[in-house]
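Engineer: model this:
(2 chains)
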Amino acid sequence: MKRNVRLFAVVACILFAFVFMGAEKVKMAAKPKGEPIKAKIGVISIITGAGASYGEAITNGFKLALGEVNAKGDVNIDLKIEDSTGKAEQALSAAQKLINSEQVAAILGPTLSTEMKVVAPEANASGVPIMGTSTTAQGITQIGKFVFRNSMPETQAIPASIGKAVEKYNLKKVALLYGNDDVFTKSGFDTMKEVTEKLKLKILTIEEFQKGQADYKAQLTKIASLKPDAVFCSALYNEGGVILAQARKMGLKVPFVGGNGFNSPKVIEIAKGAAEGLIVATPWFADKNDPKVKAFVAKYEKAYGKKPDQFAAQAYDAFHIMANALKAAGTADRAKLRDALAATKDYQGVLGMFSFDAERDVVMTPNVLIVKGGKFTLFN
Amino acid sequence: MFLEQLINGITLGSIYAIVALGYTLVFGVLDIINMAHGEIFMFGAFVGLLIVSKAGAPLPVAFLGAIVVTAAMGFLLERFALRPLRGRAGASHLASLISTIGVSILLENLAHKLFGAGNHLFETPFAEISFTVGPVTVYLVQVVILLISLLLMAGLALWLSRTRAGKALRATAENLETAGLLGVDTNRMITATVVIASAMGGVAGVLVGMAFNYINNQIGLSMGLKGLAIIIFGGMGSVYGAMAGGLILGLSETFVVAYGSSGYRDAIAFVAIILILLIRPQGLFGQAPAEARR
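Structural biologist: The predicted structure is shown next:
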């Protein structure tokens, strides 16, 4: 019985979506030429709750880009921001509101991959282009042809950092270390292992730890006794910083290649000097010597009083990519916007050169960074 | 590698033991488990961190500061969370357990507000002093931790068995009312017990900061759980049991990682504890409950 009700609701939603899509098309066709293309873009982000700091950075990025785009005058975007509170069901109802009652042309967000996995099928079925700016799990854009993202998955970042470290230090034998009770660090480890095997490096040992563990000396002593050329470590920054501190203290001085979890200034804050020699790959590098990046950082700092992080930068670029697609499509029609979005190629944003591949996933070269002199610097 | 891992295991085990001693002391006297002990320990670590890293004061001052603060917390805990419930008609035996859980939640969140989430580096020059014995590097901190844990154990055992105050305390533990009738100031004895146990938690906190290089507001929980497992394993209320249980757990965790699989670290350590408890339900050093106490 319950299932029938749900099925009915889904069918009804889809039907309504089609009806409204038609309405939108008629409205757009009547638009005179020469005026800016008007469109409503929906945003689903975490505004309240535990992940609110991500949502804040993301919406700040959107708003900064919104000001620039509307000032330029080619398109006029009306941003509709909805709160997901980090919960999948809340994100879904926000999406339904945006799609059906707000009649948005496209959706940016939601913040988490778990939310995206629920929201994307809905948007896809309604024919609304949806672009994730912070969703890095596997299989997101494969949900359907209306689903995009500009956030680089770990499967692209980790091969870049490991590849560069192997090339530079001529690594032959390595040790792997990862947190086995977290989906994020586990999937990072899976990628690390795959890349290590592909590069035919010898894996001396694979060690595991749990979140919030206080003492990593047992694992690190074992690793040190095997004398690896480097350690590949998939951990969140809290554990990662401590691992680095304890490893350096016991004399394990080899390079560390970290997963995405290490990609935070917090690692240096926790580990201090012990962070030297840590290598990570990241799409976003705030100290990059690029006028576009510098301008963005300065503008963001002026508007919000702090440096933009990866989430703000990805949101900022995503909004510009969306606005460019809107301009190319020449209309706020959802299907045409999708086609224009999919055709995005070599967009030069603050993250670097960006294109979508055939599956609407990210094509981008990440920056490989190394900690030197107490901060992240480009690793060449 | 064996010797290094042995030292790692003994260090970890000694820290577990000091935490467990605090639990066992309170349990031995009051027959309640003080769930806030882990959080008091965490506060001791943070006070030590503030004194050493932020104020730049020498290490003995950090120990002193941690002891003063945690002892005060122990006093307040006894005064406001335990005493009002003691001997009240209708108050369940479990009421004080619940009230200490409340205190632990309060303290954890207070630490979050005061010190922030995430790890804080515990930097002290003392933690860098090391010497080499043969092929092995030993840090002075590791030796100090072992010595302090042994000293605390011996001191506690002597205090309980040889001194007048210890005798009064044991009398209080045996029977609150009778001890009171015989002229023991039971309220004072209980307060002293909780204060001493808390101060030991403070010492353990500073030691953990030095040994592991970092602290956060969650270590009370993880260390507290280990401490609880150890006193059940070692025998409730037994001082030697807490020491032996702590060392066994620390060593087994370390060696599971060294020669087995690090993914099963906690699993194997706790399966071992369960097996031992199946054979000796009263714990390693615990006495089978006397019929008279039932």
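
Engineer: quick one: low-confidence parts of the chain?
Structural biologist: Since you didn't name a chain, this refers to chain A. Scanning chain A for pLDDT under 70 picks out A:1-34.

Engineer: that's the other chain; I wanted chain B
Structural biologist: Residues of chain B meeting the criterion pLDDT under 70: B:288-294.

Engineer: now do the helices in it.
Structural biologist: Along chain B, counting by DSSP state H, helices occupy B:2-30, B:37-49, B:59-77, B:95-115, B:140-162, B:164-174, B:176-181, B:186-212, B:219-234, B:239-259, B:265-279.

Engineer: turn the ones you listed into TSV, columns for distance to A:Leu199.
Structural biologist: (Glycine included, C-beta is placed from N, CA and C.) Listed next are the helices of chain B as TSV, based on distance: least, C-beta to C-beta, whole Å:
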stretch	distance to A:Leu199
helix B:2-30	30
helix B:37-49	41
helix B:59-77	46
helix B:95-115	42
helix B:140-162	38
helix B:164-174	64
helix B:176-181	69
helix B:186-212	33
helix B:219-234	36
helix B:239-259	27
helix B:265-279	29
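
Engineer: next up, the contacts around the closest residue to chain A within the stretch 1-150 of chain B.
Structural biologist: Nearest to chain A in the stretch 1-150 of chain B, going by C-beta to the nearest C-beta, is B:Met1, at a distance of 4.1 Å. Going by C-beta atoms under 8 Å, 6 or more residues apart in numbering or on different chains, B:Met1 touches A:Thr221, A:Lys222, A:Ser225, B:Ala258.

Engineer: what do you get if the cut-off is 6 Å, keeping everything else the same?
Structural biologist: Contact analysis of B:Met1 by C-beta atoms under 6 Å, 6 or more residues apart in numbering or on different chains lists A:Ser225.

Engineer: roughly how far does it sit from A:Lys307?
Structural biologist: 43 Å (C-beta to C-beta, to the nearest Å).

Engineer: spell out which parts of the stretch 1-150 of chain B neighbour chain A.
Structural biologist: B:Met1, B:Glu4, B:Gln5, B:Asn8, B:Leu12, B:Gly118, B:Asn119, B:Leu121 (C-beta under 6 Å from any C-beta of the partner chain).

Engineer: same thing but 8 Å
Structural biologist: By C-beta under 8 Å from any C-beta of the partner chain, the residues of the stretch 1-150 of chain B that approach chain A are B:1, B:4-5, B:8-9, B:11-12, B:118-121, B:123, B:128, B:137.

Engineer: hmm, which two among those are most spread apart?
Structural biologist: B:Met1 and B:Gly118 (31.7 Å; C-beta to C-beta).

Engineer: before we move on, the earlier item: whichever of the residues of the stretch 1-150 of chain B next to chain A end up buried, select them in PyMOL.
Structural biologist: PyMOL command restricting the residues of the stretch 1-150 of chain B next to chain A to the buried ones, with burial defined by 16 or more other C-beta atoms under 10 Å in any protein chain shown:
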select buried, chain B and resi 4+5+8+9+11+12+118+119+120+121+123
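
Engineer: reformat the residues of the stretch 1-150 of chain B next to chain A as a markdown table; add distance to A:Thr155.
Structural biologist: Conversion of the residues of the stretch 1-150 of chain B next to chain A to a markdown table gives the following (distance: C-beta to C-beta, whole Å):
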| residue | distance to A:Thr155 |
| --- | --- |
| B:Met1 | 35 |
| B:Glu4 | 36 |
| B:Gln5 | 35 |
| B:Asn8 | 35 |
| B:Gly9 | 38 |
| B:Thr11 | 39 |
| B:Leu12 | 36 |
| B:Gly118 | 27 |
| B:Asn119 | 28 |
| B:His120 | 33 |
| B:Leu121 | 32 |
| B:Glu123 | 37 |
| B:Glu128 | 40 |
| B:Thr137 | 39 |
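
Engineer: what parts of chain A come near chain B?
Structural biologist: Counting by C-beta under 8 Å from any C-beta, the residues of chain A that sit close to chain B are A:180, A:207-210, A:212-215, A:217-219, A:221-222, A:225, A:238, A:241-242, A:245-246, A:249-251, A:266, A:270-272.

Engineer: contact partners of stretch A:343-360?
Structural biologist: A:141-142, A:145, A:147-150, A:283-284, A:290, A:292-293, A:296, A:313-314, A:316-317, A:320-321, A:324-325, A:328, A:341-342, A:362-365, A:367.

Engineer: now list the buried members of those residues.
Structural biologist: A:141, A:147-150, A:283-284, A:293, A:296, A:313-314, A:316-317, A:320-321, A:324-325, A:341-342, A:362, A:364, A:367.

Engineer: partner strands of the helix or strand A:Lys80 falls within, with direction?
Structural biologist: Assigned by DSSP states H and E, A:Lys80 belongs to strand A:75-83. Using DSSP bridges, strand A:75-83 pairs in its sheet with strand A:37-45 (parallel).

Engineer: so which elements touch the next helix or strand after the partner strand?
Structural biologist: Per DSSP H and E, the first helix or strand lying C-terminal to strand A:37-45 is helix A:52-72. If you count contacts as 3 or more C-beta pairs under 8 Å, 6 or more residues apart in numbering or on different chains; DSSP states H and E, helix A:52-72 packs onto strand A:37-45, strand A:75-83, helix A:291-304, helix A:310-329.

Engineer: got the CA positions of the last one in PDB?
Structural biologist: To tie it back to what came earlier, the one meant is helix A:310-329. Below are the C-alpha coordinates for helix A:310-329, written out as PDB (Å, rounded to 0.1, in the frame of the first residue of the first chain):
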ATOM      1  CA  GLN A 310      38.200  24.400  -2.500                       C
ATOM      2  CA  PHE A 311      34.400  24.400  -2.100                       C
ATOM      3  CA  ALA A 312      34.100  28.100  -2.700                       C
ATOM      4  CA  ALA A 313      36.300  27.900  -5.800                       C
ATOM      5  CA  GLN A 314      34.500  25.000  -7.200                       C
ATOM      6  CA  ALA A 315      31.100  26.700  -6.700                       C
ATOM      7  CA  TYR A 316      32.400  29.900  -8.300                       C
ATOM      8  CA  ASP A 317      33.600  28.100 -11.400                       C
ATOM      9  CA  ALA A 318      30.500  26.000 -11.600                       C
ATOM     10  CA  PHE A 319      28.300  29.100 -11.600                       C
ATOM     11  CA  HIS A 320      30.300  30.600 -14.500                       C
ATOM     12  CA  ILE A 321      30.200  27.400 -16.500                       C
ATOM     13  CA  MET A 322      26.400  27.400 -16.000                       C
ATOM     14  CA  ALA A 323      26.100  31.100 -17.000                       C
ATOM     15  CA  ASN A 324      28.300  30.500 -20.100                       C
ATOM     16  CA  ALA A 325      26.100  27.500 -21.100                       C
ATOM     17  CA  LEU A 326      23.000  29.600 -20.600                       C
ATOM     18  CA  LYS A 327      24.500  32.300 -22.900                       C
ATOM     19  CA  ALA A 328      25.400  29.700 -25.500                       C
ATOM     20  CA  ALA A 329      22.000  28.100 -25.400                       C
END
